[in-house]
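J.: Make a model of this:
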Amino acid sequence: MAPYEVLTDTKLNDKEKIIYSMIIHLSKENECIMSNAYISKLLDITKIQASRIVNSLKKKEYIKIQMIYKENSREIALRKITPINKYVNTDKQICNNPINKNVKDILNINKINYKKISIHKSHRDYNNFDWTSLYANNLFIEKT
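T.: Numbering: from 1, shown residues only. Purely as a prediction, here's the structure:
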């Protein structure tokens, strides 16, 4: 998902957009392992609010979460957050037509249109046009 798509996504509130953008950015290089404490400090919110936002993103299926627990314990050692691929467009766009060809086509179309306009202008005859009609008060003072 491109930054503009995240920004204009109406399913997400402002804090969700910020956190989701951070997750996308961090997961491009390595796994995203943001803690609720880190999010709360960064956004100046409580840890509970951070947890609710992350869970909301999970519920809306923007991210998946993998918990890694400490050995022989229910204590969380690490939380991996991964954006779900259907919302993330990290692939480069592939264009079958070279960009230069598209630009040349546009320039050629503009040249053709310009020639049509210039030919049309050269055939105008203004000899019999009443130039006084252009004045706002329609007063024309004749030279003596």
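J.: what's residue 6 in contact with, if anything?
T.: 12, 17, 20-21, 24 (CB atoms under 8 Å, 6 or more residues apart in numbering). Heads up, the C-betas are built off the backbone N, CA and C, glycines and all.
J.: with the residues you listed in mind, which one is nearest to residue 54?
T.: residue 20 (9.6 Å; CB to CB).
J.: wait, the closest one sits on residue 12?
T.: Yes - look at residue 20 against residue 12 with CB atoms under 8 Å: they come within range, at 6.4 Å.
J.: Of the two, which one has the most company?
T.: When residue 20 and residue 12 are compared for neighbours, residue 20 comes out ahead with 25 against 20, by other CB atoms under 10 Å.
J.: so that one is in which element?
T.: For residue 20, the host element (DSSP states H and E) is helix 14-29.
J.: Go through whatever helix or strand comes next after that helix and flag the buried ones.
T.: Later in the chain than helix 14-29, the nearest helix or strand by DSSP H and E is helix 36-43. Buried residues in helix 36-43, counting neighbours by 16 or more other CB atoms under 10 Å, are found at 36, 39-40, 43.
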